[in-house]
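1. Here is a sequence with its predicted model. Questions after.
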Amino acid sequence: MVEGSWTGTMNLTEPQAGSDLSKVRTRAVPCPDEEGDHYRLFGQKIFITWGEHDAAENIVHLVLARTPDAPEGNKGISLFLVPKYLVTEPLVNADGSLGERNDVTCASIEHKLGIHGSPTCTLSFGEGDGAIGYLVGEEGRGLNHMFTMMNEARHKVGIQGIGVAERACQHAFAYALDRVQGKARGAETTISEHLDVRRMLLSMRARTDALRALALYCAAELDVARHGAGESERKAAQARVDVLIPVVKSFSTDQAVDIASMGVQVHGGMGFIEETGAAQLLRDARIAPIYEGTNGIQALDLAGRKLQRDGGAALNDLLDRVEATAEALRGHGELVALGESLAAGAADLRAAMAIVLEQGSDPENGADAIQPMPPPSSTWPAMCCVPGRWGSPPSRPALPRPGAAASRSTGPSWSPRTSRCASGCR
């Protein structure tokens, strides 16, 4: 798998089990009378990305399923490794053919709004004797093991959104610099000179750069969580990562859809025509707020779990860093306004967080008390951290980048949005 000759999939979703994985029904039956320590799986999984293809020699499916005596709910779910082709010796026969095909088949390939280059499949396990699978970790700990991988996948989906946003920027800039329409100061000009188009282009570029800075900050914290000098440093970094990942995933992907939509607008009527490719970017961006946990689920995870379990300590740690950046900015004449708006946004975020914590600790309503809060609760940390990342001084001189000055000057516009989001929580 490391060299790319095999690929892998994640098999969680079933027709009756989407965001609520406690409803998983796929069965895993132990086989004590058969040679080898394995199980046989029976069930169906849907929405499996790259579930069936011939671009690799083998596909390794990671499948959530229940053993016969497993309890109901999430605690009864285990994780199994199910290869498309059984791993035998030799793996490749003398005639070049692969080994025995496992009892897992592609029942259908979905017809989707976007990402048409990615085969999204319905997989059936055990239409015959059962698909041979191998237990990963301990029985009943399947979700724990799967979410170790899913947390990184959610960070990467945020980066996927940023990638689409970046391509939308490049596409829109190229078109705007080439398309001649109207006049400016008496001469024919490209649409990039028209103020409304320029506003959209600068907004797209500024937001894309900001999202990238946020994702890179989260990635750096992931590195510290794994390779920090001491245990306390690693633990603190992991706590920050736990808060940042749902923010990066949800905010980056929501913004990517908006940026891709703005890219269509820059193209005008041609943006609505498939020939330009702008519409494809909008369609492809639309999946990212949905898969690897919808953005509403990310917000519930942040407001209902991550903040409640440590009383907001990790988010307070992040805000301490944001406020330190704000204070440093006040020492630079051209950045005083950014520093002041950043400090105000951090203060509003602390106030909103206190309300979320108070409501979440209600013994009568518990998690239900914060149901109205999740949508803004995953947005306002990003609104605060984004200008904080802009304001942080680089560790080394940055390479010149077109639009960099415009991106930095747009920073103060984010903190007032933080105040509006926080007011919504109140």
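-> Cool, the structure landed. Numbering: from 1, shown residues only.

2. So which residues of the stretch 1-150 of the chain form strands?
-> Using DSSP state E, counting those that start in this stretch, the strands found in the stretch 1-150 of the chain span residues 6-11, 27-30, 39-49, 58-66, 77-83, 104-109, 120-125, 131-136.

3. Next: the stretch 301-426 of the chain.
-> Going by DSSP E, counting those that start in this stretch, the stretch 301-426 of the chain shows no strands.

4. So which of the strands of the stretch 1-150 of the chain is nearest residue 211?
-> strand 39-49 (22.4 Å; CB to CB). C-beta: built from backbone N, CA, C; applies to glycine.

5. who does the closest one pair up with?
-> With DSSP bridges as the criterion, the sheet partners recorded for strand 39-49 are strand 27-30 (antiparallel), strand 120-125 (antiparallel), strand 131-136 (antiparallel).

6. can you put these in CSV and add mean pLDDT and distance to residue 51?
-> Shown next, in CSV, are the strands paired with strand 39-49 (pLDDT from 0 to 100; distance: least, CB to CB, whole Å):
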stretch, mean pLDDT, distance to residue 51
strand 27-30, 97, 18
strand 120-125, 98, 3
strand 131-136, 96, 13
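
7. quick one: contacts for residue 225?
-> The contact partners of residue 225, by CB atoms under 8 Å, 6 or more residues apart in numbering, come to 234, 237, 238, 241.

8. Quickly find the element holding the third one.
-> Secondary-structure element containing residue 238, defined by DSSP states H and E: helix 231-267.

9. Report the buried residues of that helix.
-> 236-264, 266-267 (16 or more other CB atoms under 10 Å).

10. what's the answer for stretch 64-78, then?
-> Using 16+ other CB under 10 Å as the test for burial, stretch 64-78 gives 64, 65, 66, 67, 70, 74, 76, 77, 78.

11. any idea how far that stretch is from the chain center?
-> Here stretch 64-78 is found 27 Å from its chain centre; the criterion is CA atoms, centre = their mean, to the nearest Å.

12. Only alpha carbons, please: show that stretch as CSV.
-> Below are the C-alpha coordinates for stretch 64-78, written out as CSV (Å, rounded to 0.1, in the frame of the first residue of the first chain):
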residue,chain,number,x,y,z
LEU,A,64,-17.1,-2.0,10.4
ALA,A,65,-19.2,-5.0,11.4
ARG,A,66,-20.7,-6.8,14.4
THR,A,67,-19.7,-10.1,15.8
PRO,A,68,-22.5,-12.5,16.8
ASP,A,69,-22.6,-11.7,20.6
ALA,A,70,-21.8,-8.0,20.3
PRO,A,71,-23.9,-5.6,22.2
GLU,A,72,-26.2,-3.0,20.5
GLY,A,73,-24.8,0.4,19.8
ASN,A,74,-21.4,1.7,19.1
LYS,A,75,-19.7,-0.5,21.6
GLY,A,76,-20.6,-3.6,19.6
ILE,A,77,-18.8,-2.5,16.4
SER,A,78,-15.5,-4.1,15.4
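
13. Offset the numbering so it begins at 3, please.
-> With 3 as the first residue, the last one maps to stretch 66-80.

14. contacts for it?
-> With CB under 8 Å, 6+ apart, stretch 66-80 has contacts from 13-14, 23-24, 26-32, 41, 43, 45, 81-82, 135, 137-145, 148.

15. Write a PyMOL command that selects only the buried members of the residues you listed.
-> Per 16+ other CB under 10 Å, the buried members of the contacts of stretch 66-80 correspond to this PyMOL selection:
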select buried, resi 13+14+23+26+28+29+30+41+43+45+81+82+135+137+141+142+144+145+148
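
16. what bits of the stretch 103-252 of the chain have low per-residue confidence?
-> Applying pLDDT under 70 to the stretch 103-252 of the chain flags no residue at all.

17. could you pull out the helices for it?
-> Taking DSSP state H, counting those that start in this stretch as the criterion, the stretch 103-252 of the chain carries its helices at 144-180, 197-229, 233-269.

18. Format those helices as a markdown table; extra columns: distance to residue 364.
-> Shown next, in a markdown table, are the helices of the stretch 103-252 of the chain (distance: least, CB to CB, whole Å):
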| stretch | distance to residue 364 |
| --- | --- |
| helix 144-180 | 26 |
| helix 197-229 | 31 |
| helix 233-269 | 22 |
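
19. To residue 128, which of those helices lies closest?
-> Ranking those by their distance to residue 128 (criterion: CB to CB) puts helix 144-180 first, at 17.6 Å.

20. Run the chain-centre distance for the closest one.
-> Relative to the centre of its chain, helix 144-180 is centred 7 Å away, using CA atoms, centre = their mean.

21. just the angle between it and strand 133-138, please?
-> Using axes from the mean of the first three to the mean of the last three CA atoms, to 10 degrees, one finds that helix 144-180 and strand 133-138 are set 100 degrees apart in direction.

22. Tell me the buried residues in helix 144-180?
-> Buried residues in helix 144-180 (16+ other CB under 10 Å): 144-145, 147-148, 152-153, 155-171, 173-175, 177-178.

23. With just CA atoms, put stretch 334-350 into CSV.
-> C-alpha atoms of stretch 334-350 as CSV (Å, rounded to 0.1, in the frame of the first residue of the first chain):
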residue,chain,number,x,y,z
HIS,A,334,3.4,47.5,14.1
GLY,A,335,1.8,50.7,12.8
GLU,A,336,0.3,49.3,9.7
LEU,A,337,-1.1,46.3,11.5
VAL,A,338,-2.7,48.0,14.6
ALA,A,339,-6.2,47.7,13.2
LEU,A,340,-5.7,43.9,12.5
GLY,A,341,-4.4,43.4,16.0
GLU,A,342,-7.4,45.3,17.6
SER,A,343,-10.0,43.5,15.6
LEU,A,344,-8.3,40.2,16.3
ALA,A,345,-8.3,40.8,20.0
ALA,A,346,-12.0,41.8,19.9
GLY,A,347,-12.8,38.6,18.0
ALA,A,348,-11.0,36.5,20.5
ALA,A,349,-12.9,38.1,23.4
ASP,A,350,-16.2,37.5,21.7
